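**Q** Please work out how this folds:
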Amino acid sequence: MPAILKGWFDRVWLPGVAFEFGPQAIRPLLGNIRLFGVVTTTGAPGWFTRLYMGNPNRKVLMRGLSRLLPGRRIERFWLALYGIDRSSLAQRERFLARVHRRIAAITKD
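**A** Here you go, the predicted structure:
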């Protein structure tokens with residue numbers, strides 16, 4: 001992930017704020033969060049990101065950080081436009097429409 005984003009996580013998702021170390025395991029502390037979502041773009045095509053790299057950003061965010069959010073009622077979503085460097089205007093517009101629909105669904109709740 002970009003260094004500026006990594007730095008933000010290092011400063012915000014701190015022990016004592018987002019989680020605490022227990023004697024047996026990590027205990028989540030962010031019980032008030034009900035939605036965890038990511039909207040991102042990448043330069044690499046999706047097939048390349050998944051096949052050769054294993055989609056590391058998605059794994060870190062969706063499997064790692066979102067697991068610090070306790071409870072089964074947390075809604076999680078991942079919206080990514082892969083290969084933005086070579087995407088067409090129509091592809092970017094479809095992605096933006098998808099993002100707008102998802103955000104609109106959140107604000108209706």
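**Q** How confident is the prediction for residue 98, by pLDDT?
**A** Predicted confidence (pLDDT) for residue 98: 97.
**Q** what's near enough to touch it?
**A** By Cβ atoms under 8 Å, 6 or more residues apart in numbering, the contact set of residue 98 is residue 79. (Glycine included, C-beta is placed from N, CA and C.)
**Q** so where does it fall, helix or strand?
**A** Using DSSP states H and E, residue 98 maps to helix 89-108.
**Q** and residue 42, backbone torsions?
**A** Dihedral pair for residue 42: phi -140, psi 160, per degrees, to the nearest 10.
**Q** list the contacts for the most centrally placed residue in the chain?
**A** The chain has residue 38 as the residue nearest its centroid, 3.5 Å off, counting by Cα atoms, centre = their mean. The contact partners of residue 38, by Cβ under 8 Å, 6+ apart, come to 58, 61, 62, 77, 78, 79, 80.
**Q** mind running it again at 7 Å?
**A** 61, 78 (Cβ atoms under 7 Å, 6 or more residues apart in numbering).
**Q** Kindly export the helix holding residue 98 (C-alpha atoms) in CSV.
**A** Output in CSV follows, covering the C-alpha atoms of helix 89-108 (Å, rounded to 0.1, in the frame of the first residue of the first chain):
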residue,chain,number,x,y,z
LEU,A,89,-13.3,6.6,-19.9
ALA,A,90,-16.3,4.2,-20.0
GLN,A,91,-14.7,1.8,-17.5
ARG,A,92,-13.9,4.7,-15.2
GLU,A,93,-17.4,6.0,-15.4
ARG,A,94,-18.9,2.6,-14.7
PHE,A,95,-16.6,2.2,-11.6
LEU,A,96,-17.6,5.7,-10.4
ALA,A,97,-21.3,4.8,-10.9
ARG,A,98,-20.7,1.6,-8.8
VAL,A,99,-19.1,3.6,-6.1
HIS,A,100,-22.0,6.1,-6.1
ARG,A,101,-24.5,3.3,-5.8
ARG,A,102,-22.7,1.7,-2.9
ILE,A,103,-22.3,5.0,-1.1
ALA,A,104,-26.0,5.9,-1.7
ALA,A,105,-27.0,2.6,-0.2
ILE,A,106,-25.0,3.5,2.9
THR,A,107,-26.5,6.9,3.3
LYS,A,108,-30.1,5.5,3.0
